[in-house]
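Visitor: Return atomic coordinates for the entry below.
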Amino acid sequence: MPKGYNRTQIRLHWIIFILIAAQYILHEPIVDAWKKMSEGAEVGFSPLVAAHVFGGILVFVLMLWRIAVRLKRGAPSLPAEDAGITKLAAHGTHLALYALLLLLPVSGAMAWFGGVEAAAAGHSVMRLVLILFVLLHVVGALYHQFFLKNNLLDRMRTPDRD
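Guide: Residues are numbered from 1 along each chain as shown. Have a look, this model is predicted:
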């Protein structure tokens with residue numbers, strides 16, 4: 001088991017974070033375009049809509065890469081002093097984040113390219129659920145850093161030497 005994350009894992013984490021933040025910023029233009037399409041109106045090219053669509057595809061590809069690296073290399077163990085419930089919450093949060101970061105692009109693509117209304121509805125719900133799990137992830141990391149003072153955040157800042 002590695003003691004920390006490697007350079008690739010750290011970069012993928014932060015690149016995906018930035019892309020997800022951009023997806024939320026680009027939310028309104030694609031919602032407006034979706035409404036127009038749903039009403040049967042012609043939707044012209046919009047660089048903001050294209051950025052959201054291609055950003056989602058990029059998130060999906062980078063998440064597949066991130067999962068492949070994790071399966072091959074592994075991830076550091078949680079601190080030994082963590083209670084069982086804390087470890088369970090951390091694993092559950094990570095699993096939910098990974099699932100959402102795969103399902104959101106898939107549902108978005110099904111909605112945008114396939115016109116699947118149910119996928120669009122699911123996409124809208126999942127984007128709100130993602131915010132909840134991102135907040136839980138951040139709160140957990142800050143709790144470890146500032147209350148438990150176990151320097152957990154350093155694992156996502158300083159690469160482990162392979």
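
Visitor: From the chain's centroid, how far away is stretch 2-15?
Guide: Remark: stretch 2-15 is offset 14 Å from the chain centroid, using C-alpha atoms, centre = their mean, to the nearest Å.

Visitor: cool, stretch 140-147 as well?
Guide: With C-alpha atoms, centre = their mean, you get 20 Å for stretch 140-147.

Visitor: likewise stretch 119-131?
Guide: 12 Å.

Visitor: Need the residues that contact that stretch.
Guide: Contacts to stretch 119-131, defined as C-beta atoms under 8 Å, 6 or more residues apart in numbering, come from residues 20, 24, 27, 34, 96-97, 100-101, 103-104, 107-108, 110-111. Quick note: C-beta positions are derived from backbone N, CA and C, even for glycine.

Visitor: Would you mark the buried spots in it?
Guide: A119, A120, G122, H123, M126, R127, L130 (16 or more other C-beta atoms under 10 Å).

Visitor: Stretch 92-110 too?
Guide: Neighbour-count burial for stretch 92-110 [16+ other C-beta under 10 Å]: T93, A96, L97, L100, L101, L103, L104, P105, S107, G108, A109, M110.

Visitor: Now do that stretch, average pLDDT.
Guide: The average pLDDT within stretch 92-110 is 97.

Visitor: cool, and stretch 30-38?
Guide: 93.

Visitor: For it, buried residues please.
Guide: Buried, per 16+ other C-beta under 10 Å, within stretch 30-38: I30, A33, W34.

Visitor: Can you give me the distance of the last one to E42?
Guide: Which is W34. Distance of W34 to E42, computed by C-beta to C-beta, to the nearest Å: 14 Å.

Visitor: No further questions, thank you.
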